[in-house]
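> generate a structure from the sequence data that follows.
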Amino acid sequence: MADTYLIATFHTHAGALKFERKLKAVDESCKLMPVPRKISSSCGVCARFSFEDYQDLVFEDLDAVYRVNGQEFLRLWTNEVD
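Residues are numbered from 1 along each chain as shown. You can find the predicted model right below:
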């Protein structure tokens, strides 16, 4: 069975760090890492996490959220303010 998790992409590095702090504030783990080549991001950094209630943490610098299952990327949310 493939490993399933969520990835958030950001417009800036500062946005990635802010999201990491928001997840840690609700006792959720988060790993910042380079964005996979199959998706793109303005800043090149993404957050890997498993917090399903991520919509509570949405802010202006968040670009998109994907569910990753093996090598498949399903976009769950996109920032429409771009």
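> which residues of this structure fall in helices?
13-25 (DSSP state H).
> low-confidence ranges in it?
Along the chain, the model assigns pLDDT under 70 to residues 1-2, 82.
> hmm, 90 instead?
The chain contains residues with pLDDT under 90 at 1-3, 40-42, 80-82.
> just the strands from it, written as ranges.
Ranges of strands in the chain, per DSSP state E, are 4-10, 31-34, 45-49, 62-69, 72-78.
> these into a markdown table, with extra columns for distance to Leu17?
C-beta coordinates here come from the backbone N, C-alpha and C atoms, glycine included. As requested, these are arranged in a markdown table below (distance: least, C-beta to C-beta, whole Å):
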| stretch | distance to Leu17 |
| --- | --- |
| strand 4-10 | 9 |
| strand 31-34 | 8 |
| strand 45-49 | 9 |
| strand 62-69 | 12 |
| strand 72-78 | 20 |
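> could you dump the ones you listed to CSV with mean neighbour count and distance to Asp56?
Formatted as CSV, the strands of the chain follow (neighbours: other C-beta atoms under 10 Å; distance: least, C-beta to C-beta, whole Å):
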stretch, mean neighbour count, distance to Asp56
strand 4-10, 21, 13
strand 31-34, 12, 20
strand 45-49, 21, 13
strand 62-69, 19, 12
strand 72-78, 13, 12
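> mind checking which of those is nearest Lys24?
Between Lys24 and the strands of the chain, the tightest spacing by C-beta to C-beta is seen for strand 45-49, at 10.2 Å.
> in its sheet, what does the closest one sit against?
strand 4-10 (antiparallel), strand 31-34 (antiparallel) (DSSP bridges).
> nearest to Val68, of the ones you listed?
Going by C-beta to C-beta, the one of the strands paired with strand 45-49 nearest Val68 is strand 4-10, 5.5 Å.
> tell me the spacing between Thr4 and Gln71.
From Thr4 across to Gln71, the span is 12 Å (C-beta to C-beta, to the nearest Å).
> same question, Leu23
Note on Leu23: its distance to Gln71, by C-beta to C-beta, is 24 Å.
> identify the residues contacting Ala16.
8, 10, 32, 43, 45-47 (C-beta atoms under 8 Å, 6 or more residues apart in numbering).
> which one of those residues sits closest to Val81?
Nearest to Val81 among the contacts of Ala16, counting by C-beta to C-beta, is Phe10 at 13.3 Å.
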